[in-house]
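Asks: Could you work out the structure for the sequence below:
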Amino acid sequence: MIALQNVWKTYTLESGPLHSLKGVTVSIPQNSFQAILGPSGSGKSTLMNLLGCLDTPTQGKIQLNGKNISHYSADELAHVRGKTIGFVFQKFNLISTLTALQNVTLPMVFQGASQATREARARELLTFVGLGNRLFHRPNQLSGGEQQRVAIARSLSNNPEIILADEPTGNLDSVTGTKIMELFQRLHGQGKTIIIVTHDPAMKKYAQKTITLRDGQIVGG
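Replies: Below you'll find the model as predicted:
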């Protein structure tokens, strides 16, 4: 589904070039569950941005579903993201003034879905993640685990093929984090491709394959 071939990402600083990724080659099959591990500064976030169509490589090729997206414009990447990828973040990134239902409907607005379709889909997704009785609660009325469940429901709103989660349990206690990872396992069982970016080695047990980064290079599986 996603293939990176000899991908480099270089940033130009006053002190000289900074190579965040150095010749990374990796393939992520459809309906796989992958964990990307590494310490701070290893290149995890850069790799996540490339996999999530948030950035383009300095060198190398990225293919998504057989299409070379390495040189897509910002608008083209945004279109791909909206249709193909759902994002889950460590800090949830919910809009504080909106209810759970409104937060989940928001991505569908940008895809042109009708209000009736948006609300029906959001209700269905919030029920799926166990929050059918929290539709009209705002983020500050929800626990951390509940907020992350809203974020997961939001990531599913446009029925993406890929869920990309950045440290999804980083702000949660271990019991709640386990429940969130079990939810990702359920989604994987329904056919989603799941990519977890984390520094926590305990996340390895949930994944079919682990990609370990250090100093911008893959050093292990």
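
Asks: can you map out the helices along this protein?
Replies: For the chain, applying DSSP state H gives helices covering 44-51, 74-84, 100-109, 115-128, 144-155, 174-189.

Asks: any chance of these in TSV, with distance to Gln63 and mean pLDDT too?
Replies: For glycine as for every other residue, the C-beta is placed from the backbone atoms N, C-alpha and C. Listed next are these as TSV, based on distance: least, C-beta to C-beta, whole Å; pLDDT from 0 to 100:
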stretch	distance to Gln63	mean pLDDT
helix 44-51	12	93
helix 74-84	12	91
helix 100-109	25	95
helix 115-128	29	95
helix 144-155	23	96
helix 174-189	22	94
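
Asks: any idea which of those is most buried?
Replies: helix 144-155 (a mean of 24; mean count of other C-beta atoms under 10 Å).

Asks: how far out from the middle of the chain is that one?
Replies: When C-alpha coordinates are averaged (C-alpha atoms, centre = their mean, to the nearest Å), helix 144-155 and its chain have centres 13 Å apart.

Asks: what does that helix contact?
Replies: Contact with helix 144-155 is made by 86-89, 92-94, 100, 103-104, 106-107, 122, 125-126, 128-131, 134, 137, 139, 142, 163, 168-169, 171-173, 176, 179-180, 183-184, 187, as judged by C-beta atoms under 8 Å, 6 or more residues apart in numbering.

Asks: what does stretch 101-116 give?
Replies: Everything outside stretch 101-116 that qualifies as a contact, by C-beta under 8 Å, 6+ apart, is 82-83, 94-95, 98, 117-119, 121-123, 125-126, 135-136, 139, 150-151, 153-154, 157-158.

Asks: For the nearest residue to His137 once chain neighbours are set aside, give me its contacts.
Replies: Using C-beta to C-beta, 6 or more residues apart in numbering and skipping residues adjacent in sequence, the residue nearest His137 is Ala100, 5.6 Å away. By C-beta under 8 Å, 6+ apart, the contact set of Ala100 is 126, 131, 134-139, 142, 150, 153.

Asks: Centroid-nearest residue for the protein?
Replies: When C-alpha atoms, centre = their mean is applied to the chain, the residue found nearest the centroid is Leu164 (1.8 Å).

Asks: Show the pLDDT at Gly221.
Replies: pLDDT, Gly221: 66.

Asks: Oh, that last question was meant for Ala202, not what I typed.
Replies: pLDDT, Ala202: 86.
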